[in-house]
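Student: take a look and give me a structure for this.
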Amino acid sequence: MFKATKYITMPNEYSSRELLVLNYIDQHAEATQRELSQHVGMSLGAINLLLKRFIKKGFVKVERLQPNSVKYFLTPAGLANKIERTYGYMVRTFTEINRLRNRVVTVANAVAQSNNADHLYFFGTQDELHELIHDLIRTDRFIVRATLCSSVAVLKKDSQQLNGNPVIIWNKDMEERLREAGIEWVNVMGMV
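Tutor: Sure thing, here's the model as predicted:
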């Protein structure tokens, strides 16, 4: 039985890279330090120091294949650490997604109220936030009816229905497209 390490701490870029290194070693035991450096985006020296630290903590073991060639692999403690880091990453990610969902709902409902709207239109590219907004619309999180569009033509077709109802975007790149179409908008990411 191995002892799990306690690792869940404040997220930072370095701890994310540490998780990437552990994942890469777990999946590519034949990886060189140079490959790790390129994959993770850390300098070769930083990878070398990180590997030494992982070895000292007992997370990684080294097996010498030839005088100038080594194989890295995770120890049971290293695997447990990787799992804990992954869990922490997932918790932080879901927390951030929920925070973003609540922000979109709060801002959109405030915009609907301040405009006396009976309908909200969301407009943007089909990205992750598009999917999040789609889910929010399906679960009736808005105080008025909402429609999600990814085409200016659809908005123009519905321009009579827009009739003062707000168009909400989340990507600054959409501003110019709507400006050219003569449609007013509110950027949900620009509001506090």
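Student: residues contacting residue 102?
Tutor: By C-beta atoms under 8 Å, 6 or more residues apart in numbering, residue 102 lies in contact with nothing. Placement of C-beta: from N, CA and C, glycine included.
Student: how close does it sit to residue 174?
Tutor: With the distance defined as C-beta to C-beta, to the nearest Å, residue 102 ends up 22 Å from residue 174.
Student: now stretch 46-61: mean pLDDT?
Tutor: Averaging the model's pLDDT scores along stretch 46-61 yields 95.
Student: could you shift the numbering so residue one becomes 45, and keep it that way?
Tutor: Okay, residue one is now 45; in that scheme the one you just asked about reads as stretch 90-105.
Student: run the chain-centre distance for that stretch.
Tutor: Remark: stretch 90-105 is offset 27 Å from the chain centroid, using C-alpha atoms, centre = their mean, to the nearest Å.
Student: and for stretch 61-77?
Tutor: The chain centre lies 21 Å from the centre of stretch 61-77; the measure is C-alpha atoms, centre = their mean.
Student: how about it: buried residues?
Tutor: Buried residues in stretch 61-77, counting neighbours by 16 or more other C-beta atoms under 10 Å, are found at 61, 62, 63, 64, 65, 66, 67, 68, 69, 75.
Student: got it, and stretch 224-236?
Tutor: Buried positions in stretch 224-236, judged by neighbour count with 16+ other C-beta under 10 Å: 227, 229, 230, 232.
Student: run through the residues that contact the second one.
Tutor: I take that to be residue 229. Counting by C-beta under 8 Å, 6+ apart, the residues that residue 229 touches are 167, 210, 211, 212, 213, 218, 219, 222.
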